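quick one: sequence and predicted model below, then my questions.
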Amino acid sequence: MYQKDLLYVIKPSQLTPDTLRAILLQHPEVQFVSFMGIDFAGNDTDEKVPISALLDDMETMLYEHTAQTDGSSVVLPGVASLDDARVDMVADLSVNWFVDYNTENFDADNGKMIGTLRIPCFLKHNNEFVDSRYILKSTLDYVGKELLAEMKKEGSVPGLACDPKEIEEIVFTSATELEFWTKTPRENVSTTDLSSSQVMQEQYWQRTRGNVRTSLEQAVQTLNLYGLNPEMGHKEVGGVRGQLDENGNMTHVNEQLEIDWRFSTPLQAADNEILVRSVVKEIFRSNGLEVSFQAKPIFGVAGSGEHTHVGIAARLKDGKIINLMSPADMKKDFLSAVGYGVLMGILKNYEVVNPIVSATTDAFNRLRPGFEAPICIVTSLGRSYDVPTRNRTILAGLIRDVDNPKATRIEMRAPNPFTNTYMVTAAFYLSALDGIVAVLRSGKDTKALEKEISKKPGEEGFYLEKDRAYRAEDNVFEDYTEDERNKYFGKPPATVWENMKAFDAYPEKVEVLTRGNTLKKLYLESFKEGALIRWQTELLQHLIPNDRNKVKAMKPVKTASSTAWDDGLWQRVEDLRVEIAKDTDTNTSLFSQIKKAFADGDFDKASNLQVQLNRKMEELEALYTDYLDNMI
């Protein structure tokens, strides 16, 4: 599908006018250029500009600005407006530039696919950078500078083998893992079949077949051509085995897959993720399959996450790279003081990071108890130093290998494929810095730090909150009641509105995110405003109409064997249908109540009604299924 002789990536070292021009002239199949900026919602801009525009004015596009857009084209509420809309796009010369190929359009002269050079850009409004990519870039610069200064000021770091004076620079590493669902168009598989397959673990890491196998293999091969060093593609827990039609083609495909690739710098890792989504979607589509990156495309079965890995290393003056999170002796400690600081900082401040992680109703549909949903603010270190933890019920997992100190990192399990990776990674590192500074200034050794993160609710800590617990080696859903989870780890928000309220409820934690003025309060307010607009719009224009269609599709069934029991069951269904969807003289439907709450600007009420609607719809669908199952 993709050919080895095509141009796939242009490295930062090649981004000079002469070198870039020579490369593009050698590859006439690259006929367009696109400028990729990332707004606060995580959307990437895309356009088709003839490559001649870049060739004719390369110095300007490389060193000044590439193009202009306006505030209506990107999600920057409160920053760019219709009466002050100009947004300049400035090329980022520090990362890889990828070529996106159209598998359905070919060059008439050489027969190769037509390519578009995608140039990662920063967005500039009124001479100030106002985009997600720049937030991450400036955050890493700030955190690196502050961390290095703090380490050198303290003079030594408990659990760390090297002398901070030998550190030349801080090196950040990050990676994401992409889960997604794929299916044949216009064909559906019952939720019951999907759910039972999941419970029996019939699909996890099983052999792929047919066009799913072809697509997965082609995706891995293509990502390798782009230099992403894919590590694995495999089936996930969700899905059912497809069927063969009379022509030998796979039908009724509905499977969950995952692709992993090598870590990189955080900014490059986030850019890589956007490329992977595009490549996967195009390849699967070309093989007759649809792809969904939604967090919860199918109710009742596992959703798709995008685990995000957070690492901090250092380059020493002699050129050696060391992992700052790993202890000097991997068999005597879980983490160094820096590692404990990273973990504690993220956990303590997670209430104000969470709104960036989960900003859509789709995200909250995934984050419900069960299916390994990471809803509790808690970590797991492992039951002993020499056996890594594999607790999948926690939020922040410690990834470590006793024999490979370079592998130590934190895996954040709550993000999903549509989380804004740029902003959330910035928030992770800003929170981590807060924890690291507190740990280093405390002067405590690694055993005292392990005790701190392992403290029981009610125990005083020098940094962590008194009434909370932060470590659990057991299954948090099976070994704790709901009341215990809420008390020990905090009550998780249930809607977008509940999540966004954290920015007002925890001003001291917002201060942690905004302290370096890289993730500004204005940007958080803009992010919040955009998220609430999407929440209201999605609920009123998509979710309620979809639920209304489900309610209308439920009809009474009369058979020769119908009984009074069936009639009674249908009446319960009908009562719920009316409560949810129909206004009467004595009843205002949940749909109408939600609409009125939004019209009145009462977001608290709208949020509570949304929770009630979700519960009622689940009850209704289960009841209607029971009703139909009793018909013979």
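In hand now; what should we look at?

buried residues, the longest helix along the chain. List them.
In the chain, with assignment by DSSP state H, the single longest helix is helix 603-629. For helix 603-629, burial by neighbour count (16 or more other CB atoms under 10 Å) applies to 603, 605-610, 613-614, 616-617, 620-621, 623-624, 627. Glycine gets a C-beta too; all of them are placed from N, C-alpha and C.

same check on stretch 525-535?
Neighbour-count burial for stretch 525-535 [16+ other CB under 10 Å]: 526-532, 534-535.

show me how far it is from its chain's centre.
17 Å (CA atoms, centre = their mean, to the nearest Å).

just the residues contacting it, thanks.
40-41, 75-79, 355-356, 359-361, 420, 423, 495-497, 500, 503, 603 (CB atoms under 8 Å, 6 or more residues apart in numbering).

for the stretch 251-400 of the chain, which segments count as helices?
Secondary structure of the stretch 251-400 of the chain (DSSP state H, counting those that start in this stretch): helices located at 266-286, 337-348, 350-357, 361-366.

show me the contacts of stretch 525-535 that map onto helices.
Per DSSP H, the subset of the contacts of stretch 525-535 in helices is 355-356, 361, 423, 496-497, 500, 503, 603.

ok, these vs Thr265, which is closest?
Nearest to Thr265 among the ones in helices among the contacts of stretch 525-535 is Met423, at 16.2 Å by CB to CB.

give the contact list for the closest one.
40, 42, 132, 135-136, 356, 519, 527.

go with 7 Å
Counting by CB atoms under 7 Å, 6 or more residues apart in numbering, Met423 touches 40, 132, 135, 356, 527.

could you give the angle of the top strand by length along the chain to helix 266-286?
The longest strand of the chain (DSSP state E) is strand 167-183. Taking axes from the mean of the first three to the mean of the last three CA atoms, to 10 degrees, one finds strand 167-183 and helix 266-286 inclined to each other by 20 degrees.

and strand 167-183, how far out from the chain middle?
Worked out by CA atoms, centre = their mean, strand 167-183 lies 11 Å from the chain centre.

any weak-confidence spans in this protein?
By pLDDT under 70, the weakly predicted segments of the chain are 1, 70-73, 81-85, 186-205, 237-252, 369-372.

tell me how it divides into domains.
Here the domain parsing of the chain from the TED database is 7-127, 133-460+470-518, 532-628.

ok, and which of the ones you listed has the densest surroundings?
Sort those by mean neighbour count, taking mean count of other CB atoms under 10 Å, and domain 133-460+470-518 sits at the top with a mean of 19.

ok, residues contacting stretch 349-365?
Residues contacting stretch 349-365 (CB under 7 Å, 6+ apart): 294-296, 303, 367, 377, 414-416, 418-420, 423-424, 427-428, 431, 434, 494-496, 499-500, 502-503, 506, 509-510, 512-513, 527-528, 531, 534-535, 538-539, 543.

can you tell me how far the nearest residue in space to Ala313 that is not next to it in sequence is from Phe122?
Spatial nearest neighbour of Ala313, excluding adjacent residues (CB to CB, 6 or more residues apart in numbering): Val171 at 4.3 Å. Computed as CB to CB, to the nearest Å, the Val171 to Phe122 distance reads 22 Å.

ok, now Val130?
From Val130 to Phe122 the distance is 9 Å (CB to CB).

please apply the same query to Cys162.
34 Å.

do Ile436 as well
Ile436 is 27 Å from Phe122, by CB to CB.

phi, psi of the residue sitting furthest away from the middle of the chain?
The outermost residue of the chain, judged against the average C-alpha position, is Ala560 (51.8 Å), by CA atoms, centre = their mean. Backbone torsions for Ala560, taken as degrees, to the nearest 10, come to phi -60, psi -20.
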